[in-house]
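**Student:** sequence plus predicted model, see below.
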Amino acid sequence: MEALSAIRSMEDWGQATQRIDYHFGTDEVRRRIDRRPAYTLGDGTSGQRHIASMTGPASGHQL
């Protein structure tokens, strides 16, 4: 809940989910995350409308 409570933007969402994945993930998951490039939103894209749709257990995991 701590990681999700401070989400105000899509960038915050990405950082929070990465922290959660690191916490609960295996060593293999952490290595895969480490290889990912940083994600940035393009100009003019706030992403705010997508946050609500991403808060459910879409990945099959409940927090």
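**Tutor:** Everything's here; your move. Numbers count the residues shown, from 1 in each chain.
**Student:** helices along the chain, start to end?
**Tutor:** 2-5, 10-24, 27-35, 48-51 (DSSP state H).
**Student:** let me know which of the ones you listed is tucked in deepest.
**Tutor:** helix 10-24 (a mean of 15; mean count of other C-beta atoms under 10 Å). Backbone N, C-alpha and C define where each C-beta goes, glycine included.
**Student:** where in this protein is pLDDT low?
**Tutor:** 39-63 (pLDDT under 70).
**Student:** please name the nearest non-neighbouring residue to residue 4.
**Tutor:** residue 16 (5.5 Å; C-beta to C-beta, 6 or more residues apart in numbering).
**Student:** one more: residue 30?
**Tutor:** residue 22 (5.8 Å).
**Student:** right, and that neighbour touches residue 32 too?
**Tutor:** No: taking contacts as C-beta atoms under 8 Å, residue 22 lies outside contact range of residue 32: 11.0 Å.
**Student:** which neighbours do these two share?
**Tutor:** Contact with both residue 22 and residue 32 is made by no residue, according to C-beta atoms under 8 Å, 6 or more residues apart in numbering.
**Student:** residue 7: how many residues sit nearby?
**Tutor:** By the criterion of other C-beta atoms under 10 Å, residue 7 has 17 neighbours.
**Student:** phi, psi of it?
**Tutor:** Backbone dihedrals for residue 7, given as degrees, to the nearest 10, come out at phi -70, psi 120.
**Student:** measure it to residue 15 for me?
**Tutor:** Applying C-beta to C-beta, to the nearest Å, the value for residue 7 to residue 15 is 9 Å.
**Student:** between these two, what contacts are shared?
**Tutor:** Contacts common to residue 7 and residue 15, judged by C-beta under 8 Å, 6+ apart, are absent.
**Student:** quick one: end-to-end distance for stretch 3-12.
**Tutor:** Stretch 3-12 has an end-to-end distance of 9 Å (C-alpha to C-alpha, to the nearest Å).
**Student:** kindly report the same for stretch 3-19.
**Tutor:** End residues of stretch 3-19 are separated by 7 Å (C-alpha to C-alpha).
**Student:** ok, stretch 2-10 next?
**Tutor:** 16 Å.
**Student:** same question, stretch 18-37
**Tutor:** Counting by C-alpha to C-alpha, the terminal residues of stretch 18-37 are separated by 12 Å.
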